[in-house]
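**Q** below: sequence and its predicted model.
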Amino acid sequence: MFGIPGGVVIPIFDALYDAPLKLILTRHEQAAAHAADGYARASGRAGVCIATSGPGATNLTTGIATANFDSSPVVAITGQVKTALIGNDAFQEADTIGITRSISKYNCLVRRVEDLARTIKEAFYVATTGRPGPVVIDLPVDVSLAMLDGEPDKTIMLRGYKPPGEGNPKQIRLAADVINAAARPVLYVGGGVIISGASQELYQLAKAMTAPVTTTLMGLGAFPQDDPLSLGMLGMHGTVYANRAIMQADTIVAIGARFDDRVTGRTDRFNPSAKIVHIDIDPSSISKNIKVHVPIVGDAKQVLSELIKHIQPTDRSAWLKQVEDWKKRYPLKYKDHGKLKPQYVIQQISAVSTDDTIICTEVGQNQMWTALWYTFKKPRTLISSGGLGTMGFGLPAAMGAQLARPGALVLDIAGDGSIQMNIQELATVATYNIPVKVAILNNSCLGMVRQWQELFWNKRYSHTIFNHNPDFVKLAEAYGVKGMRITERDQVRDALEEAIRHPGPVIMDFRVDPAENVFPMVPAGKSLDEVMEGLA
């Protein structure tokens with residue numbers, strides 16, 4: 001568990017004093033929620049966070065919304081004032097249920113101690129089944145103080161909640177017919193494949209179809225990127241060849257993805273001639289943004305297992321040759337002119353990492369450079385805020401991931417802007433000796449916003465340049481964390497290897513080229529075939 005005590009949760013923390021549960025004391029409630037989220041994404045199990053009423057609960061909300069967007073199973077327990085005081089503007093009262101209703105999968109105010117055990121069991125069930133998501137339990141202090149007579153009732157009573165399971169066999173056969181008739185198919189893969197544990201089935205399907213595979217940001221790692229069929233990420237900052245393939249495919253097989261705006265660009269020009277098969281456990285995601293021809297509601301692992309049985313061998317060598325030609329004509333590239341480039345740092349991180357290394361990111365340019373230049377080969381090795389784009393996510397999420405998988409190397413790739421939004425958690429990693437390694441791509445600005453100002457706002461850099469950043473090395477040392485500063489290209493590999501050898505947490509301050517931008521880029525409101533290919 002991750003959290004911070006407060007007045008109305010003292011009874012809970014008093015119980016934790018003797019309980020066989022480990023609570024990590026974070027330094028901010030938002031960080032507690034992100035840490036629980038990182039724990040959940042790295043392990044596949046529910047993460048738990050706890051905060052007091054009022055400001056404690058409201059500080060959790062950004063983390064709850066982050067988990068909700070990315071379908072992460074988090075159980076958030078919030079304290080509440082006494083039931084008799086609810087609605088009376090009592091000290092540290094907030095309408096937590098009202099505030100979190102639109103950013104959680106389910107929430108509940110517990111008014112009787114008799115309902116508490118059942119509510120907790122329901123919370124974990126809802127959070128981890130179907131399309132996962134965060135569940136909020138709001139607990140008044142008088143309920144947590146109350147004594148229960150008899151055995152607790154743990155019977156789940158959730159009328160109307162029946163998460164989908166198996167896909168419709170008729171729809172699966174129909175999808176197979178569409179795929180078998182395709183000359184230019186593309187597999188478009190989202191985070192749902194990772195959540196369902198369907199990466200092996202995806203690999204088998206791709207090989208059976210001999211079809212290229214492109215993923216969303218959340219889907220990175222679902223398919224090995226060193227495989228010849230991999231196209232990397234598609235969308236606004238996707239590879240040119242992924243975007244060309246998705247736009248010229250005659251059949252798109254979408255699995256566990258939701259056709260969000262960062263992937264589709266202009267929806268009216270998103271390959272209107274392609275036949276689309278969409279597999280998703282959430283029926284509300286199907287045909288929400290893009291009309292599909294063959295919808296299949298069900299768990300990706302089960303659906304793909306059945307779909308593979310109906311796939312027929314088809315010669316698609318001409319299509320694969322075209323895709324390979326795009327890869328050669330439009331490779332990822334950057335201008336290497338002596339300055340320390342962020343892309344080079346990412347490449348070196350990828351080189352020193354193993355297939356099981358967990359990469360967390362903050363949000364912004366650091367996130368997109370990681371998505372483009374790191375080679376992900378296994379599921380649950382990228383932990384990043386996709387849908388909400390939450391700055392400050394990476395460091396606490398890395399803490400949670402490291403605690404979920406203590407034997408793994410966990411790195412947080414950060415920007416100097418984003419890292420400062422939860423940098424107080426250096427105290428947490430130092431206190432518990434959580435050995436996360438943080439690589440700050442320090443360009444002294446809010447890089448992605450600065451990039452947009454450069455490209456679309458006549459270089460009017462309004463409040464995006466940091467004229468005074470802290471000395472990250474001294475700051476790390478003040479928290480009791482090892483700090484390193486890297487300014488030259490030839491220092492990068494040695495610094496990374498030294499950080500990995502160090503048994504505790506490390507902050508690496510990479511002073512990268514401040515003028516570097518993220519390319520390729522599809523400007524907002526443009527079609528995926530309107531790509532900007534620039535070099536800083």
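**A** Good, I have the coordinates.

**Q** please identify the buried residues of stretch 275-292?
**A** Within stretch 275-292, the residues scored as buried using 16 or more other CB atoms under 10 Å are K275, I276, V277, H278, I279, D280, I281, D282, S285, I286, I290, V292. For glycine as for every other residue, the C-beta is placed from the backbone atoms N, C-alpha and C.

**Q** show me where pLDDT drops low in the stretch 351-500 of the chain?
**A** Scanning the stretch 351-500 of the chain for pLDDT under 70 picks out nothing.

**Q** ok, I434 - contacts?
**A** I434 is in contact with M399, Q402, L403, T428, P505, counting by CB atoms under 8 Å, 6 or more residues apart in numbering.

**Q** residues contacting the residue nearest the centre of the chain?
**A** Nearest to the geometric centre of the chain sits S384, at 3.4 Å (CA atoms, centre = their mean). S384 is in contact with L217, M218, C360, T361, V363, Q367, T370, A371, F393, G394, counting by CB under 8 Å, 6+ apart.

**Q** what's the burial count for the fifth one?
**A** This means V363. Using other CB atoms under 10 Å, V363 has 24 other residues around it.

**Q** part of a helix, is it?
**A** No - with DSSP: H, G, I helix; E, B strand; the rest coil as the criterion, V363 is coil rather than part of a helix.

**Q** so it sits against G389, correct?
**A** Yes - here V363 reaches G389: they are 4.9 Å apart, a contact under CB atoms under 8 Å.

**Q** now list whatever residues contact both of these two.
**A** Counting by CB under 8 Å, 6+ apart, nothing touches both V363 and G389.

**Q** my read: E122 touches D153, true?
**A** No - using CB under 8 Å, E122 is not in contact with D153; the gap is 11.1 Å.

**Q** more neighbours: the two, which one.
**A** The neighbour count for E122 versus D153, taken as other CB under 10 Å, is higher for E122 (21 against 14).

**Q** model confidence over the helix or strand encompassing the more buried one, on average?
**A** Assigned by DSSP states H and E, E122 belongs to helix 116-128. In this model, helix 116-128 has an average pLDDT of 97.

**Q** distance from the chain centre to the helix or strand following it, please.
**A** The C-terminal neighbour of helix 116-128 among helices and strands, as given by DSSP H and E, is strand 135-140. Distance of strand 135-140 from its chain centroid, counting by CA atoms, centre = their mean, to the nearest Å, is 24 Å.

**Q** strand 135-140 - contacts with which helices or strands?
**A** Secondary-structure packing of strand 135-140 (3 or more CB pairs under 8 Å, 6 or more residues apart in numbering; DSSP states H and E): strand 74-80, helix 96-100, strand 106-109, helix 116-128.

**Q** in its sheet, what does that strand sit against?
**A** With DSSP bridges as the test, strand 135-140 is paired with strand 74-80 (parallel), strand 106-109 (parallel).

**Q** mean neighbour count, distance to V178 and mean pLDDT added to the ones you listed, as JSON lines?
**A** As requested, the strands paired with strand 135-140 are arranged in JSON lines below (neighbours: other CB atoms under 10 Å; distance: least, CB to CB, whole Å; pLDDT from 0 to 100):
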{"stretch": "strand 74-80", "mean neighbour count": "29", "distance to V178": "37", "mean pLDDT": "98"}
{"stretch": "strand 106-109", "mean neighbour count": "20", "distance to V178": "35", "mean pLDDT": "97"}
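
**Q** which parts of the stretch 201-350 of the chain are helices?
**A** Taking DSSP state H, counting those that start in this stretch, the helices of the stretch 201-350 of the chain run over residues 240-248, 261-264, 300-308, 317-329, 342-352.

**Q** what residues of the first one count as buried?
**A** Meaning helix 240-248. For helix 240-248, the neighbour count (16+ other CB under 10 Å) marks V240, Y241, A242, N243, R244, A245, I246, M247, Q248 as buried.

**Q** out of those, the closest to G197 would be?
**A** G197 lies nearest to A242 out of these, by CB to CB, at 24.1 Å.

**Q** separation between the closest one and T264?
**A** Shown here: A242 relative to T264, a distance of 13 Å by CB to CB, to the nearest Å.

**Q** likewise for V8?
**A** 45 Å.

**Q** just want to know which of those two has more residues nearby.
**A** Neighbours per residue (other CB under 10 Å) separate V8 from T264, with V8 holding more: 27 against 22.

**Q** what about T390, how many neighbours?
**A** 27.

**Q** secondary structure class for it?
**A** T390 carries the three-state label coil when classified by three-state DSSP.

**Q** quick check: it touching A67?
**A** No - when contacts are counted by CB under 8 Å, T390 is not listed as touching A67 (9.8 Å).

**Q** sketch out the low-pLDDT regions of the stretch 151-300 of the chain for me.
**A** By pLDDT under 70, the stretch 151-300 of the chain has no low-scoring segment.

**Q** now K333: how far from P520?
**A** With distances taken as CB to CB, K333 is found 10 Å from P520.

**Q** more neighbours: which of those two?
**A** In this view K333 and P520 are compared by other CB under 10 Å, and P520 has more residues nearby, 21 against 11.

**Q** isn't the more buried one right up against G238?
**A** Yes - in this structure, P520 is within contact of G238 by CB under 8 Å, at 7.0 Å.

**Q** determine the residues that are contacts of both of the two.
**A** Common neighbours of P520 and G238 (CB under 8 Å, 6+ apart) do not exist.

**Q** tabulate the contacts of S384 (a markdown table), appending distance to Y39.
**A** As requested, the contacts of S384 are exported to a markdown table (distance: CB to CB, whole Å):
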| residue | distance to Y39 |
| --- | --- |
| L217 | 20 |
| M218 | 17 |
| C360 | 12 |
| T361 | 16 |
| V363 | 19 |
| Q367 | 20 |
| T370 | 20 |
| A371 | 22 |
| F393 | 13 |
| G394 | 14 |
